[in-house]
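**Student:** fold the following.
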Amino acid sequence: MNTTSRERFQSTLARSKKIAVLTGAGVSAESGIPTFRGAGGLWRRYEATSLASPEAWQRDPGLVWEFYNHRRERALGCSPNPAHRALVRLEDRFRDAGGAFTLITQNIDGLHERAGSRNVVRLHGSLWQVRCLSCARVTENREVPITPAFAGSGSPDPEAGDRRFTAAELPRCPCGGVLRPHVVWFGEPLDAGDIAAATAAVEGCDLLIVVGTSAVVYPAAGFVPMAKRQGARIAEVNVEPSAVTGLCDFVFTGSAGEILPSLLDVAPARA
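**Tutor:** Sure thing, here's the model as predicted:
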């Protein structure tokens, strides 16, 4: 890591009164959560639209739930890593100093919250929430397996077609309606409230820190040019260049778990 760049970043961090952090799959990958893109990514083994779209749900909700049940099992066995914990400490310091801090995440695994992050905007929903298709109620649900029928079902293969789940085996709301994962699928719009909260966090921020994201999925990718236009400084921490690297004032290449703990260990100025 370039010492001069590190010192300049930390000076900017210490002076900032409003900070936004945007995180992607790369942060959770260090905890063992598979990414969607890149080597070994989920979407290299499965067609995204075969498992995470409204059309997939219409074709075979049991297959979709098998996929999400498998993801819940994987996430349950993972723990927050040093990058998650470094962001918690940064939030705590800025709150104590009277500053504003918002963590915007594209991840649905809940590891930021398990680490202790408080002001979190989840752009793509949560693996640990379900939504009733009848009454529209959103509830927390940490059952693994999601219903007994999914016990031991493992990782689904949409081409195999050797295991079909009946309507009676799907998770149900107390009202009797079928539950679906409360996540944003391909082809679905993001929640307007989450977009508004993320936009408010980015607007007028002094510093936007982008961690572990390819920055190709909109609208999240649009927050970087938005912040840049408004005069914010942009810092990126990633294992490889992303679609927004050219817009960044500070670029730190490597794993977030190795870089963030010492990089963010800066006392902010009092608001």
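**Student:** C-alpha only now, for contacts and for neighbours.
**Tutor:** OK.
**Student:** how about the strands in the stretch 151-271 of the chain?
**Tutor:** Secondary structure of the stretch 151-271 of the chain, counting by DSSP state E, counting those that start in this stretch: strands at 179-183, 207-211, 233-238, 250-253.
**Student:** out of those, which is closest to Phe150?
**Tutor:** Set against Phe150 and scored by Cα to Cα, those come closest in strand 179-183, at 14.2 Å.
**Student:** and the closest one, what does it pack against?
**Tutor:** When contacts are defined as 3 or more Cα pairs under 8 Å, 6 or more residues apart in numbering; DSSP states H and E, strand 179-183 packs onto helix 61-76, strand 125-132.
**Student:** in the stretch 1-150 of the chain, where is pLDDT below threshold?
**Tutor:** Residues of the stretch 1-150 of the chain that meet the criterion pLDDT under 70 lie in 1-3, 35-46, 48.
**Student:** strands of that one, start to end?
**Tutor:** Under DSSP E, counting those that start in this stretch, the stretch 1-150 of the chain gives strands at 18-23, 100-105, 120-122, 125-132, 138-140.
**Student:** Ala227: which of the ones you listed is closest?
**Tutor:** Among these, the nearest to Ala227 by Cα to Cα is strand 18-23 (9.6 Å).
**Student:** can I get the helices and strands packed on strand 179-183 in CSV including distance to Ala14 and mean neighbour count?
**Tutor:** Converted to CSV, these look like this (distance: least, Cα to Cα, whole Å; neighbours: other Cα atoms under 10 Å):
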stretch, distance to Ala14, mean neighbour count
helix 61-76, 34, 21
strand 125-132, 31, 21
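**Student:** turn those into CSV, including distance to Arg114.
**Tutor:** Formatted as CSV, the helices and strands packed on strand 179-183 follow (distance: least, Cα to Cα, whole Å):
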stretch, distance to Arg114
helix 61-76, 11
strand 125-132, 12
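**Student:** ok, which of those comes nearest Phe150?
**Tutor:** With Cα to Cα as the measure, helix 61-76 is the member of those nearest Phe150 (6.7 Å).
**Student:** just put the strands of the stretch 151-271 of the chain in CSV and tack on mean pLDDT, mean neighbour count and distance to Met226.
**Tutor:** Output for these, formatted as CSV (pLDDT from 0 to 100; neighbours: other Cα atoms under 10 Å; distance: least, Cα to Cα, whole Å):
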stretch, mean pLDDT, mean neighbour count, distance to Met226
strand 179-183, 98, 22, 25
strand 207-211, 98, 25, 10
strand 233-238, 97, 24, 11
strand 250-253, 97, 19, 17
